[in-house]
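[1] Sequence and predicted model, in that order:
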Amino acid sequence: MKFIIRFLIKIATVIILCLALPKIGINVSYQDDIIIAIKVAIVLTILNSFLKPILKVISLPITCLTIGLFSLVITAAMVMLTSYFVAGFNVGGWLNALVFGLGFSLITSAVEKFIVDED
């Protein structure tokens with residue numbers, strides 16, 4: 001049950017961020033927007049779960065030299081990869097990808113902390 005709630009939170013976060021950020025968007029009809037938001041949530045979750053930890057370990061020296069700021073580049077890269085894999089999801093550039101990635105991470109972790117992890 002918690003998995004379904006977390007997944008719905010991620011889908012809602014993708015939709016909210018696409019509406020809030022003007023350069024990031026899903027540019028198809030309204031019915032397809034929800035399907036694309038589901039695809040974005042799935043792909044972004046998979047990339048953040050499997051590829052991001054590998055990249056963080058590989059880039060540990062660079063991250064230490066930049067006092068942790070290189071992890072923001074990795075976050076933006078995950079969103080750019082999601083944009084590449086999901087047709088219909090467009091990100092206007094690295095800065096927009098960074099804002100989307102940070103917003104996605106902060107909103108989902110905060111909402112999951114209050115809703116899912118209350119047990």
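    Yes, it's here. Predicted model, so just to flag it, every value in this text is computed and none were measured.

[2] Now do the phi/psi pair for residue 90.
    phi -120, psi 140 (degrees, to the nearest 10).

[3] how about low-confidence regions in the chain?
    27-30, 117-119 (pLDDT under 70).

[4] Helices of that one, residue ranges please.
    Ranges of helices in the chain, per DSSP state H, are 2-20, 30-46, 52-58, 60-65, 70-85, 94-115.

[5] for these, which one ends up most surrounded?
    With neighbours taken as mean count of other C-beta atoms under 10 Å, these reach their highest mean count in helix 70-85, at a mean of 19. Where you see a C-beta, it was placed from the backbone N, CA and C, and this is true even at glycine.

[6] and it, C-alpha only, in CSV?
    What follows is the C-alpha trace of helix 70-85 in CSV, where atoms were taken according to Å, rounded to 0.1, in the frame of the first residue of the first chain:
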residue,chain,number,x,y,z
PHE,A,70,28.6,18.2,-8.3
SER,A,71,25.7,16.1,-7.0
LEU,A,72,23.4,18.9,-8.3
VAL,A,73,24.8,18.2,-11.8
ILE,A,74,24.0,14.5,-11.3
THR,A,75,20.4,15.4,-10.3
ALA,A,76,20.0,17.5,-13.5
ALA,A,77,21.5,14.7,-15.6
MET,A,78,18.9,12.3,-14.3
VAL,A,79,16.1,14.7,-15.4
MET,A,80,17.8,15.2,-18.8
LEU,A,81,18.0,11.4,-19.2
THR,A,82,14.3,11.1,-18.3
SER,A,83,13.6,13.8,-21.0
TYR,A,84,15.5,11.7,-23.5
PHE,A,85,13.7,8.5,-22.7
